[in-house]
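K.L.:
give the three-dimensional model of this entry:
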Amino acid sequence: MNTLRRLCTRLIAVILLLPVGAAVAQQPCAELPVCDAALGLPKTTLDTYPEPNVFPLPIDDSVLYDRIYRTIKGGSAIHDVPGGNVIETLGPGFSYVTVNGFAGDWAEIDEGKWVPNTALTEDVLISRFSGVKLPDDPLPYPTAWVMRHLRASEQPGGDASENNPFMYRYTLVTLYTYVEVDGKRWYQIGENQWVHQFDVAKIAPITRPAEVDTVKWVSVDLYEQTLVAYEGEKPVFSTLVSSGLEKWPTNEGLFHVYLRFPRTTMSGAYQQEDFYFLQEVPWTMYFDDDIALHGTYWHDGFGYRHSHGCVNLSITDAKWLYDWSADETDYSVPNDPGMAVYVFSSGQYD
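P.N.:
As a prediction, the model looks like this:
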């Protein structure tokens, strides 16, 4: 018994002394000497890294709320002055505008363009989600965001347990190890706490592809719906994104930012069922024809596909990325490539 205890203690020490960059969390529980298939890693191991060592970007309300955003319901005639002549018509579809100001029962949505207040919804609820800066040293275990409100199961494949704390969507967790049940991973995120792989989106930096030719670059994982920003080989930031829906996929491959706008209007599918019109889309960086990285004020669905092909980010994250990458391109130099954008899939999106 004493010999067995000494052996177990030595095995625990080996686990705890693994280098910081070791891919411990990507190993299944069955390959870790002190991991039990039903219980996972022991509390003594979990306590050595109790919470993710990442740093969420601060929220700046002056950036989030510097515009009055509204939805136009079912389309509207646009007038040159309040109650004046109709100069154009915005048809039904997915339309969001920014209001410059109000005059009685009218709202100015652009210079010399007015719509009745009755055509507008109330305030748009802007996402307060933000990504995280990464530490200088590699994370010992991957960090992930919880993708829905939930309570973890007490064992792999189990039901939600009232014994576990309630977690809100976007909660940051550590993925210590995993067990497969019916071909899907269940990640251990704490003592007697397990979540299905579909309930988390993890930060998973990749090795710099040989074809990436800029110092600052980003990878976009269409499976995890995450973005990682790098300086050379070093990951410095990560966040959740929303890429193109199945009908309008975001293309995989290596691209470069070729055009940047702090604000720009986007529209498409004119006179079609999926028509959209989006005023003043913030912090936009085009990288693949009309596909861009950009801020998003019209939804809070980050971590799931949502777009017509663009890579949606929260306003906070888009501004950080826009500012951070500003010095990567010298537009006075002909053919100087903008920041590299590497789009790939680490799995089959379901």
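K.L.:
use CA for all of it now, contacts and neighbours both
P.N.:
OK.
K.L.:
what lines up beside the strand ranked longest in the chain in the sheet?
P.N.:
Scanning the chain for the strand with the most residues, using DSSP state E, yields strand 276-288. According to DSSP bridges, strand 276-288 has the following sheet partners: strand 94-99 (parallel), strand 259-268 (antiparallel), strand 291-295 (antiparallel).
K.L.:
make CSV out of the ones you listed and add mean neighbour count, distance to residue 283 and mean pLDDT.
P.N.:
Converted to CSV, the strands paired with strand 276-288 look like this (neighbours: other C-alpha atoms under 10 Å; distance: least, C-alpha to C-alpha, whole Å; pLDDT from 0 to 100):
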stretch, mean neighbour count, distance to residue 283, mean pLDDT
strand 94-99, 20, 15, 90
strand 259-268, 14, 4, 91
strand 291-295, 24, 5, 97
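K.L.:
any stretches of this structure with poor pLDDT?
P.N.:
Applying pLDDT under 70 to the chain flags residues 1-25, 269-274.
K.L.:
domain ranges for it, per the record?
P.N.:
Using automatic domain parsing, the domains assigned to the chain come out as 13-57+130-202, 66-119, 216-344.
K.L.:
please identify the deepest-packed of the ones you listed.
P.N.:
domain 216-344 (a mean of 20; mean count of other C-alpha atoms under 10 Å).
K.L.:
could you work out the end-to-end span of that domain for me?
P.N.:
End-to-end distance for domain 216-344: 17 Å, by C-alpha to C-alpha, to the nearest Å.
K.L.:
next one: that domain to chain centre, how far?
P.N.:
Its chain's C-alpha centre and that of domain 216-344 lie 11 Å apart, by C-alpha atoms, centre = their mean, to the nearest Å.
K.L.:
could you do stretch 131-146 as well?
P.N.:
Distance, centroid of stretch 131-146 to centroid of chain: 14 Å (C-alpha atoms, centre = their mean).
K.L.:
alpha carbons only: can I get it in PDB?
P.N.:
Output of stretch 131-146 as PDB, limited to C-alpha atoms (Å, rounded to 0.1, in the frame of the first residue of the first chain):
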ATOM      1  CA  GLY A 131     -12.400  38.700 -26.000                       C
ATOM      2  CA  VAL A 132      -9.200  38.100 -24.000                       C
ATOM      3  CA  LYS A 133      -5.600  39.100 -24.100                       C
ATOM      4  CA  LEU A 134      -3.400  36.000 -23.700                       C
ATOM      5  CA  PRO A 135      -0.400  35.800 -21.300                       C
ATOM      6  CA  ASP A 136       3.200  35.700 -22.400                       C
ATOM      7  CA  ASP A 137       3.600  32.100 -21.500                       C
ATOM      8  CA  PRO A 138       1.500  29.400 -23.200                       C
ATOM      9  CA  LEU A 139      -1.600  28.400 -21.300                       C
ATOM     10  CA  PRO A 140      -1.200  25.000 -19.500                       C
ATOM     11  CA  TYR A 141      -4.700  24.100 -20.500                       C
ATOM     12  CA  PRO A 142      -7.000  25.500 -23.200                       C
ATOM     13  CA  THR A 143      -9.500  28.200 -22.200                       C
ATOM     14  CA  ALA A 144     -13.000  28.200 -23.600                       C
ATOM     15  CA  TRP A 145     -16.200  30.100 -23.400                       C
ATOM     16  CA  VAL A 146     -19.500  28.500 -22.300                       C
END
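K.L.:
checking residue 138 next. Helix, strand or coil?
P.N.:
The three-state assignment at residue 138 reads coil, by DSSP: H, G, I helix; E, B strand; the rest coil.
K.L.:
and residue 267, what is it in contact with?
P.N.:
275-278 (C-alpha atoms under 8 Å, 6 or more residues apart in numbering).
K.L.:
try it again with 6 Å
P.N.:
Counting by C-alpha atoms under 6 Å, 6 or more residues apart in numbering, residue 267 touches 276-277.
K.L.:
any idea what it is bridged to?
P.N.:
Bridge pairing for residue 267 - DSSP bridges - gives residue 277.
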